[in-house]
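Visitor: Whatever this is, show me its structure:
(chains A and B)
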There are 2 protein chains.
Amino acid sequence: MRKLNILEMNRLTVDEFHEAEKLPLVVVLDDVRSLYNVGSVFRTCDAFRVEAVYLCGITATPPHNEIHKTALGAEDSVAWRYFKTADEAVAELKRQHFTIYAVEQAEGSVKLPFSIENPSSKLEKSPASFILHSSSKKGVALVLGHEVKGVSQSVVDACDGCLEIPQFGTKHSLNVSVAAGIVIWEFARHFYGQNPEKID
Amino acid sequence: MRKLNILEMNRLTVDEFHEAEKLPLVVVLDDVRSLYNVGSVFRTCDAFRVEAVYLCGITATPPHNEIHKTALGAEDSVAWRYFKTADEAVAELKRQHFTIYAVEQAEGSVKLPFSIENPSSKLEKSPASFILHSSSKKGVALVLGHEVKGVSQSVVDACDGCLEIPQFGTKHSLNVSVAAGIVIWEFARHFYGQNPEKID
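Guide: Numbers count the residues shown, from 1 in each chain, chains lettered A, B, ... in the order given. A predicted model of the protein is given here:
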């Protein structure tokens, strides 16, 4: 099978990206220490056309050489804001009527994968439905936390629920940029799968 | 919602991991340059109990301090082998009757997400079916390539097909450890979803 060249991939320019319809998803990084992880999340958010990234606390912001090394310019396409604390970011998202999930292993969490049909008992709707039918809600926000400590309990308490990636091995968690990639993909596969015209 | 503590996560010991049933998936890294990416892939393979990682060419092997920094010990649980070239790894996997996919953007690729029901026109079966019904085939192998050059065309040609993560932004690819995470998750969600008893 012949690999596609870059022109055949039909990627957007940065201006086209800014104009294009977005996945109604905001990704909040709460005290993410590694610039590598921040850049990698920007690159994933570019690929799935995420609405915005909210950088909080010690999380570094562009422009930054080390972020650029892994973001490779995605920090110029994806919209971002900085908040001193994730609590402030969550409060702002609530004002904007987002449904907010922490990505955490917690009591009563909603386990991935989620379908459109299987409502979560906690929220009476599947997380995917907030992405697909955002008439009353603006969309979904995901909060991902510090590489070791995760999302702080006070921020978890302020969220509408937790999303959990089931894990079956020896380690207690995934790398934060990989976890972000898997959860963003779970939303993207529903959104772009149900709305193929959005892809063009 | 209360975050779980590490004991509540019921993770396996390394010995239990070695004995446990695995996701019938082998991940092949072809000239992956970054030790950070290698370690991160090990950690993902631990989380989803992947059968083995095949490290090829310039890809570094454990034990290595820089791999350990992101693998965090997952290099001790997940089985691995080294091959001088990815061509040799692919030949070995063919002898073992694996169905082999390169993760690449290529003509006639199978796009994610895949279902059990929707057979791929190229392989007459969904990739998930090779994981779920591996009576004639041993399972699936995924080949991921160099951070810039991807999987080499000769290795792509030796594979049974290509798997492609649809992307809608400005950049031409995802970080390799994030791409690995998304594709491994696509297999894991089918395998563990269809075989909930395997989770216990």
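Visitor: Report the secondary structure state of the most centrally placed residue in chain A.
Guide: Centroid-nearest residue in chain A: A:Val27, 3.6 Å away (criterion: CA atoms, centre = their mean). At A:Val27 the chain is in strand, as set by DSSP: H, G, I helix; E, B strand; the rest coil.
Visitor: Bridged to it, which residues?
Guide: When assigned by DSSP bridges, A:Val27 has beta-bridge partners A:Val53, A:Leu142.
Visitor: Which residue ranges of chain A form helices?
Guide: A:14-19, A:35-47, A:65-71, A:74-77, A:86-95, A:127-132, A:153-158, A:176-194 (DSSP state H).
Visitor: could you dump the least confident helix or strand in chain A by mean pLDDT to CSV, C-alpha only?
Guide: Sorting the helices and strands of chain A by mean pLDDT, DSSP states H and E puts helix A:127-132 at the bottom, at a mean of 81. Provided in CSV are the C-alpha atoms of helix A:127-132 (Å, rounded to 0.1, in the frame of the first residue of the first chain):
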residue,chain,number,x,y,z
PRO,A,127,-20.9,11.5,27.7
ALA,A,128,-21.1,11.2,23.9
SER,A,129,-24.6,12.6,23.9
PHE,A,130,-23.3,15.9,25.3
ILE,A,131,-21.0,16.1,22.3
LEU,A,132,-23.6,15.1,19.7
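Visitor: What residues of it count as buried?
Guide: Buried residues in helix A:127-132, counted by 16 or more other CB atoms under 10 Å in any protein chain shown: A:Pro127, A:Ala128, A:Ser129, A:Phe130, A:Ile131. Every residue, glycine included, has its C-beta placed from N, CA and C.
Visitor: what's the spacing between the last one and A:Val110?
Guide: Pointing back at A:Ile131 there. 13 Å (CB to CB, to the nearest Å).
Visitor: for the first one, same thing?
Guide: As judged by CB to CB, A:Pro127 and A:Val110 stand 6 Å apart.
Visitor: The third one now?
Guide: To A:Val110, A:Ser129 is 12 Å away according to CB to CB.
Visitor: now the fourth one
Guide: Using CB to CB, one obtains 11 Å as the distance from A:Phe130 to A:Val110.
Visitor: what do you get for A:Thr44?
Guide: 21 Å.
Visitor: Neighbour count for the two, which is higher?
Guide: A:Thr44 (32 against 19; other CB atoms under 10 Å in any protein chain shown).
Visitor: ok, the more buried one touching A:Val176?
Guide: No. Using CB atoms under 8 Å, A:Thr44 is not in contact with A:Val176; the gap is 11.2 Å.
Visitor: Just say which of the helices of chain A is most tucked in.
Guide: Among the helices of chain A, ranked by average contacts under mean count of other CB atoms under 10 Å in any protein chain shown, first place goes to helix A:35-47 (a mean of 27).
Visitor: just to revisit the earlier point, among the helices of chain A, where is the model least confident on average?
Guide: For the helices of chain A, mean pLDDT drops lowest on helix A:127-132, to a mean of 81.
Visitor: what distance separates that helix from the centre of its chain?
Guide: From the chain centre to the centre of helix A:127-132 is a distance of 13 Å (CA atoms, centre = their mean, to the nearest Å).
Visitor: before we move on, what about stretch A:82-91?
Guide: Taking CA atoms, centre = their mean, the mean C-alpha location of stretch A:82-91 is offset from the chain mean by 15 Å.
Visitor: pull the CA atoms of stretch A:57-72 into CSV?
Guide: Extracted C-alpha coordinates of stretch A:57-72, given in CSV (Å, rounded to 0.1, in the frame of the first residue of the first chain):
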residue,chain,number,x,y,z
GLY,A,57,-1.4,26.4,37.5
ILE,A,58,2.1,25.3,36.8
THR,A,59,1.2,24.1,33.2
ALA,A,60,3.5,26.1,30.8
THR,A,61,2.0,28.2,28.0
PRO,A,62,3.1,28.9,24.4
PRO,A,63,5.2,30.4,23.0
HIS,A,64,7.9,28.0,24.4
ASN,A,65,10.7,26.1,22.6
GLU,A,66,10.1,22.9,24.6
ILE,A,67,6.3,22.9,23.9
HIS,A,68,7.1,23.6,20.2
LYS,A,69,9.3,20.5,20.0
THR,A,70,6.3,18.2,20.4
ALA,A,71,3.5,20.5,19.4
LEU,A,72,5.3,21.2,16.1
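Visitor: Please tell me how far it is from the chain's geometric centre.
Guide: Using CA atoms, centre = their mean, the offset of stretch A:57-72 from its chain centre is 17 Å.
Visitor: so does that stretch get close to chain B?
Guide: Yes. Under the criterion of CB under 8 Å from any CB of the partner chain, chain B is reached by stretch A:57-72 at A:Thr70, A:Leu72.
Visitor: which other residues reach that stretch?
Guide: Stretch A:57-72 is contacted by residues A:29-33, A:35-36, A:38-40, A:42-43, A:46, A:55, A:75-76, A:80, A:82-86, B:171, B:175 when judged by CB atoms under 8 Å, 6 or more residues apart in numbering or on different chains.
Visitor: 7 Å - rerun?
Guide: The contact list for stretch A:57-72 (CB atoms under 7 Å, 6 or more residues apart in numbering or on different chains) reads A:29-33, A:35-36, A:38-40, A:42-43, A:55, A:75, A:80, A:82, A:85-86, B:171, B:175.
Visitor: count of neighbours near the closest residue to A:Leu12 other than its chain neighbours?
Guide: Leaving aside its sequence neighbours, A:Leu12 sits nearest to B:Thr170 (CB to CB, 6 or more residues apart in numbering or on different chains; 5.1 Å). The tally of other residues near B:Thr170 (other CB under 10 Å) stands at 24.
Visitor: Relative to A:Glu8, how far out is B:Thr170?
Guide: B:Thr170 is 15 Å from A:Glu8, by CB to CB.
Visitor: A:Gln105 too?
Guide: 41 Å.
Visitor: These two: who's more crowded?
Guide: A count of neighbours by other CB under 10 Å puts A:Gln105 above the other of A:Gln105 and A:Glu8, at 21 against 12.
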